[in-house]
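Q: When you get a sec, could you give me coordinates for this:
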Amino acid sequence: MVICNCLFTSETTEMKDFYKTLCDEGLVEGSRADKGNLEYDFFISVDDPKRMMLIEKWESFDDLQAHSETELFQKFRPVCKANGVRSKLAMYEE
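A: Okay, here's the model as predicted:
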């Protein structure tokens with residue numbers, strides 16, 4: 001299993017609004033439906049509304065790689081940039 005922890009931060013955008021945008025763009029539902037996805041959950045910080053963590057779990061690295069090559073995933077970076085959101089990714093195998 002491959003686990004990805006992605007921290008989202010912004011100086012201007014509250015994560016509840018960013019999460020809504022991700023949902024409106026179909027990125028959340030689409031990612032959850034990708035082959036090999038086991039978990040795709042978001043957690044907004046109770047102390048800082050401009051911080052959010054995404055925890056993803058994938059059956060294999062190949063599934064994660066295939067996800068990252070989808071047309072839907074290619075929309076992800078531009079959506080982040082348009083909303084002033086930065087991300088940091090930590091990935092490991094379990």
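
Q: Now the residue most central in space within the chain. Nearest residue, chain neighbours left out?
A: In the chain, the centroid-proximal residue (CA atoms, centre = their mean) is residue 54; its distance is 5.2 Å. Leaving out its chain neighbours, the residue that sits closest to residue 54 by CB to CB, 6 or more residues apart in numbering is residue 6, at 4.3 Å. For the C-beta atoms, the positions are set from N, CA and C on the backbone; glycine is no exception.

Q: Report the secondary structure state of the one you found.
A: For residue 6, the assignment made with DSSP: H, G, I helix; E, B strand; the rest coil gives strand.

Q: For burial, what's the neighbour tally of it?
A: Neighbours of residue 6 under the rule other CB atoms under 10 Å: 15.

Q: shouldn't it be in contact with residue 43?
A: No - using CB atoms under 8 Å, residue 6 is not in contact with residue 43; the gap is 10.8 Å.

Q: Pull up the overlap in contacts between those two.
A: 53-55 (CB atoms under 8 Å, 6 or more residues apart in numbering).

Q: Next step: those residues restricted to strands.
A: Within those, residues falling in strands by DSSP state E are 53-55.

Q: Any chance of a markdown table for these, columns distance to residue 89 and pLDDT?
A: Shown next, in a markdown table, are those (distance: CB to CB, whole Å; pLDDT from 0 to 100):
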| residue | distance to residue 89 | pLDDT |
| --- | --- | --- |
| 53 | 11 | 98 |
| 54 | 9 | 98 |
| 55 | 11 | 98 |
